[in-house]
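Q: for reference, the sequence and a predicted model appear below.
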Amino acid sequence: MSRPRYVMTVDTKTCVGCNACVLACKSENGLPEQGYRDWIVTETTGAFPNLFQEIRSERCNHCDRSPCVSACPTGASYRQEDGIVLVDPAKCTGCKACIAACPYGARYVHPRGFVDKCTFCVHRLTAGKQPACVDICPTDSLTFGDLNDPRSAVSRLLKSRRHKTLLPEEGLLPHVFFLI
């Protein structure tokens, strides 16, 4: 069997922007008051009276071609073989090169001086659990799993539903997909 390729889907038809994912992440990861690893975006398009509103839970997109990784001068930002992009706080100098390189605005400087971001709750994955945001979502809008497993929920969703990624023109091959 091939190595896992972890991805997340966000169902924009069922997400209500309740912020449960944001609060679960802050609690699970002990984030500082001004720290964040995910957030809610509400985007309205069209012209009255033909308006369309999309609500999205956003986070680091764990890209295959991660500009944050290539911008990091110390090697603190790195990509695991399973596709998860992480930051090693011990190697991070807080120079913010990765923050400038990320087109998704998915990183911030932790008060302790290192850059922080979504990890897909890698500590929970190693314990056989789902990311905290997925577990808590009251509308089951978030799905996480191995895209290389054709039987996984994320594989089935991406085969059966229209979807998009953010900033596809950047060519970064993100691992977060938005079901539309």
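A: Alright, I've got the coordinates.

Q: remind me which helix or strand His123 belongs to.
A: His123 is part of helix 122-125 when elements are defined by DSSP states H and E.

Q: show me what that helix is in contact with.
A: Helix 122-125 is contacted by residues Tyr6, Glu28, Gln80, Ile84, Leu86, Gln130, Pro131, Ala132 when judged by CB atoms under 8 Å, 6 or more residues apart in numbering. Every C-beta, even on glycine, is put in place using the N, C-alpha and C of the backbone.

Q: export whichever helix or strand comes after it as PDB, just CAs?
A: Counting by DSSP H and E, the element after helix 122-125 in chain order, helix or strand, is helix 132-136. C-alpha atoms of helix 132-136 as PDB (Å, rounded to 0.1, in the frame of the first residue of the first chain):
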ATOM      1  CA  ALA A 132     -10.000  18.300  16.700                       C
ATOM      2  CA  CYS A 133     -11.800  20.600  14.200                       C
ATOM      3  CA  VAL A 134     -13.200  17.500  12.300                       C
ATOM      4  CA  ASP A 135     -14.300  15.800  15.600                       C
ATOM      5  CA  ILE A 136     -16.200  18.900  16.800                       C
END
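
Q: helices or strands up against helix 132-136?
A: Helices and strands touching helix 132-136, by 3 or more CB pairs under 8 Å, 6 or more residues apart in numbering; DSSP states H and E, are helix 20-29, strand 142-146.

Q: which one of those lies closest to Val109?
A: helix 20-29 (15.4 Å; CB to CB).

Q: list the helices and strands that closest one packs on?
A: Using 3+ CB pairs under 8 Å, 6+ apart: helix 20-29 touches strand 38-47, helix 132-136.
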